[in-house]
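Enquirer: Any chance you can model this:
(one chain, ligands or ions: 2)
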Amino acid sequence: MAKPRLGVFKFSSCDGCQLSLLDCEDELLAVAGAIDIAYFPEATRSDDVGHYDIAFIEGSVTTPHEAEMIQDIRARSTALITLGACATSGGIQALKNGADTAAFIDAVYAHPEYIDTLDTATPISDHVTVDFELRGCPISKRDLIELVAATVVGRTPQTPSHAACIECKLAGHVCVMVSQGTPCLGPVTHAGCGALCPGYARGCYGCFGPKETPNTAALAAQLANHGADNRQIARLFSTFNTNAPEFRKEAEKHE
Ligand code: SF4
Ligand code: SF4
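Expert: Ligands and ions are numbered 1, 2, ... in the order given. This next block holds a predicted model:
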């Protein structure tokens, strides 16, 4: 039986999610036996353009070229899977949405005339149908291996959508919000990182984006009880997943 052909594509992103894929080196050796890695410029010299059974997409759409490219990849792929906060919600670069992009370009680039960009950074699902979204900034190795293993055998990946608080309690961490009054997005954030930050006595930054049905209003009220002002609350919801609708709406209420 022919092995499924995999393509890995980069859009506007920092490469962190592709590096997570490369970081699975031991597991990738096994995966490489089950999958034909046809296109993955960061890892192989293979430049095999054609149809892909699985396309992994890292990054958001921020240029006219990327808006065209994602249509082409979608048309040539059976399953299209997005990796990370950039691809699933627009990423940190979505902070430019609603701002004056032309002013940013003038301030940053010596030759703004060479820059061809859109006014927004948007998730892949705003442009094409997405078959599965893997959260995180970056994605977790555990979720990625589960995704690849499930995709190869044709089952649904098991990536729980409950809150990071569940992982935090399972890990036995002391709650930083209750014990120190430190702002923490754990109650509204999708699990996946293993509650990394609370394990180091820091609040959760929401890297994995909104969990299923997040009660952001209740968390914002709790943050205010702990002394956070409107500006702090808005900024807390405006980081790696600033364009995720649930986080964006809560931020806007406090701006
Ligand atoms: S989701 Fe985070 S780690 Fe992944 S490419 Fe975007 S910025 Fe980098
Ligand atoms: S530290 Fe954060 S993630 Fe952990 S239980 Fe408290 S609120 Fe939830």
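Enquirer: and T151, what is it in contact with?
Expert: P4, I54, A79, I81, P157 (CB atoms under 8 Å, 6 or more residues apart in numbering). Where you see a C-beta, it was placed from the backbone N, CA and C, and this is true even at glycine.
Enquirer: can you redo the residues you listed as a markdown table with secondary structure and distance to A224?
Expert: Formatted as a markdown table, those follow (DSSP: H, G, I helix; E, B strand; the rest coil; distance: CB to CB, whole Å):
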| residue | secondary structure | distance to A224 |
| --- | --- | --- |
| P4 | coil | 50 |
| I54 | strand | 44 |
| A79 | strand | 43 |
| I81 | strand | 38 |
| P157 | coil | 37 |
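Enquirer: what's the closest of these to H190?
Expert: Nearest to H190 out of the contacts of T151 is P157 (CB to CB; 13.6 Å).
Enquirer: Ligand 1 contacts on the chain?
Expert: S13, C14, G16, C17, E58, G84, A85, C86, G91, I92, C137, P138 (CB under 6 Å from any ligand atom).
Enquirer: Just the ones of those in helices?
Expert: Counting by DSSP state H, the members of the residues of the chain next to ligand 1 that fall within helices are G16, C17, G84, A85, C86.
Enquirer: since we're on the closest residue to the first one other than its chain neighbours, how many residues are nearby?
Expert: Which is G16. Closest residue to G16 apart from its sequence neighbours, by CB to CB, 6 or more residues apart in numbering: P138 at 3.9 Å. By other CB atoms under 10 Å, 25 other residues sit near P138.
Enquirer: List just the nearest of the contacts of T151 to L196.
Expert: P157 (20.7 Å).
Enquirer: now that closest one: how far from ligand 2?
Expert: According to CB to the nearest ligand atom, to the nearest Å, P157 and ligand 2 sit 23 Å apart.
Enquirer: neighbour-wise, which of the residues of the chain next to ligand 1 leads?
Expert: Within the residues of the chain next to ligand 1, most neighbours by other CB under 10 Å means C86, with 33 neighbours.
Enquirer: give me the residue from the stretch 151-255 of the chain nearest ligand 2.
Expert: When scored by CB to the nearest ligand atom, the stretch 151-255 of the chain has G186 as its residue closest to ligand 2, at 2.2 Å.
Enquirer: I'd like the distance between that residue and ligand 1.
Expert: Look at G186 and ligand 1: by CB to the nearest ligand atom, they are 18 Å apart.
Enquirer: What's the per-residue pLDDT of that residue here?
Expert: G186 carries a pLDDT value of 98.
Enquirer: Also the one 10 residues further on?
Expert: Note for L196: predicted pLDDT of 96.
Enquirer: All further residue positions should be reported with the first residue as 206.
Expert: Sure, I'll start counting at 206 from here, so that last one is L401.
Enquirer: Could you count how many residues lie near A315?
Expert: Using other CB under 10 Å: A315 sits among 5 other residues.
Enquirer: tell me the SS of it?
Expert: Taking DSSP: H, G, I helix; E, B strand; the rest coil as the rule, one finds A315 in the coil state.
Enquirer: show me where the stretch 356-460 of the chain has helices.
Expert: All helices of the stretch 356-460 of the chain, identified by DSSP state H, counting those that start in this stretch, fall at 369-375, 381-385, 401-404, 421-430, 435-441, 450-458.
Enquirer: Output these as a markdown table; include the columns distance to ligand 2 and mean neighbour count.
Expert: Listed next are these as a markdown table, based on distance: least, CB to the nearest ligand atom, whole Å; neighbours: other CB atoms under 10 Å:
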| stretch | distance to ligand 2 | mean neighbour count |
| --- | --- | --- |
| helix 369-375 | 3 | 20 |
| helix 381-385 | 4 | 15 |
| helix 401-404 | 4 | 20 |
| helix 421-430 | 9 | 16 |
| helix 435-441 | 12 | 16 |
| helix 450-458 | 16 | 17 |
